[in-house]
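1. Next comes the sequence, and after it the predicted model I'd like to discuss.
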Amino acid sequence: MSDGPEGVDVFAAERPLARATVKDQAMAVIRRAMVAGDVVPGQIFSASALAQRLGVSNSPVRDALMELVHGGIMEVVPNRGFRMVVLDEHDLAEVYELRRMLEVPSMGRLARSGLGDREPALRESVELCTRAAHDGDAREFLVHDRRFHLGLLELLGNGRLVVTVDRLRDQTRISGMRTLVERDLLVRSAAEHGELLDAIVAGAAEQAEQIMVRHMAHGAVGRWRTEVHGAAGTDPRPA
């Protein structure tokens with residue numbers, strides 16, 4: 001398997017993995033590497049080579065890579081391994097449109113149904129995400145951002161919704177996270193987690209949906225992002 005830019009072994013610092021959750025950990029390692037730009041378009045992954053670098057057996061690593069294939073962010077290269085799927089602007093616009101159809105009304109439903117006893121755990125995710133944003137730690141931000149948003153969706157009790165949104169988020173997160181970092185929007189995005197949670201707790205369904213639309217648009221690129229901000233009449237830059 002090829003190394004990252006300038007021959008750096010981008011996975012060396014990640015090993016060894018605990019065997020109990022090796023598939024999930026391997027998937028998380030690959031996601032973080034893609035978001036951070038350590039994995040470049042066209043780079044070929046061999047499941048066996050990656051497993052060796054992570055100090056685990058081939059099977060769970062291959063399972064992790066195949067799950068990423070099913071999620072649309074990796075593809076199989078026959079007789080060679082796996083590589084990252086590169087989405088063009090049209091593809092990304094389609095994915096963001098699907099996410100808006102699913103995630104925005106879901107926040108309104110949560111505002112109407114409530115969070116039960118999950119508010120403290122969600123507040124903790126907000127705090128950890130905010131801390132990572134202020135530290136400029138995009139990898140750590142990604143972990144807590146994902147935990148927060150999927151944690152909200154899980155409260156609706158629809159497992160297929162959670163799985164579908166998770167896969168859609170994966171497809172946009174690579175370009176989206178880079179956009180947030182390049183435009184210095186990590187802190188603004190993290191702050192909106194708290195605003196969204198406050199609106200849900202207050203039962204303000206319409207406000208929660210509006211915050212979610214704005215929140216998603218920060219990481220979007222091209223036509224979809226322009227349409228959202230143009231319709232709202234807002235400046236996408238943080239105040």
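-> Structure's in. What do you need? Please read all numbers here as calculations on a predicted model, not as lab measurements.
2. so where's this protein uncertain?
-> Judged by pLDDT under 70, the chain has its weakly predicted residues at 1-20, 35-37, 174-184, 219-239.
3. Can you give me the distance of the residue nearest the centre of the chain to residue 189?
-> A centroid search over the chain (C-alpha atoms, centre = their mean) returns residue 173, at 4.4 Å, as the residue closest to the centre. As judged by C-beta to C-beta, to the nearest Å, residue 173 and residue 189 stand 12 Å apart. In this view, the C-beta of every residue, glycine as well, is placed from N, C-alpha and C.
4. which stretch of helix or strand covers the residue nearest to the centre of the chain?
-> Using DSSP states H and E, residue 173 falls within helix 159-182.
5. just residue 41 next, same as before
-> Assigned by DSSP H and E, residue 41 belongs to no helix or strand.
6. My read is that it contacts residue 88, right?
-> No - counting by C-beta atoms under 8 Å, residue 41 stays clear of residue 88, with 11.6 Å between them.
7. Check the secondary structure at the residue sitting furthest away from the middle of the chain for me.
-> For the chain, the residue at maximal distance from the C-alpha centroid (C-alpha atoms, centre = their mean) is residue 79, at 29.2 Å. Assigned by DSSP: H, G, I helix; E, B strand; the rest coil, the conformation of residue 79 is coil.
8. and it, what are its phi and psi?
-> The phi and psi values for residue 79, taken as degrees, to the nearest 10, are phi 70, psi 10.
9. so how far is residue 32 from the residue nearest to the centre of the chain?
-> Distance, residue 173 to residue 32, using C-beta to C-beta: 10 Å.
10. Spell out which residues are contacts of both of the two.
-> Here residue 173 and residue 32 have residue 142 as joint contacts, going by C-beta atoms under 8 Å, 6 or more residues apart in numbering.
11. Break this protein down into its structural domains.
-> What the record gives for the chain is the domain set 5-84, 89-232, from automatic domain parsing.
12. Near residue 89, how many other residues are there?
-> 12 (other C-beta atoms under 10 Å).
13. If you could redo that for residue 48, that was the one I meant.
-> Residue 48: 14 neighbours (other C-beta under 10 Å).
14. Is residue 38 in a helix, a strand, or coil?
-> When classified by three-state DSSP, residue 38 comes out as coil.
15. was I right about the residue nearest to the centre of the chain contacting residue 142?
-> Yes - judged on C-beta under 8 Å, residue 173 makes contact with residue 142 at a distance of 6.8 Å.
16. any chance you could map the helices in this structure?
-> 22-35, 47-54, 58-70, 89-113, 119-135, 138-154, 159-182, 186-201, 205-218, 222-232 (DSSP state H).
17. got the angle for the second one vs helix 22-35?
-> Right, helix 47-54. On the basis of axes from the mean of the first three to the mean of the last three C-alpha atoms, to 10 degrees, helix 47-54 is oriented at 90 degrees to helix 22-35.
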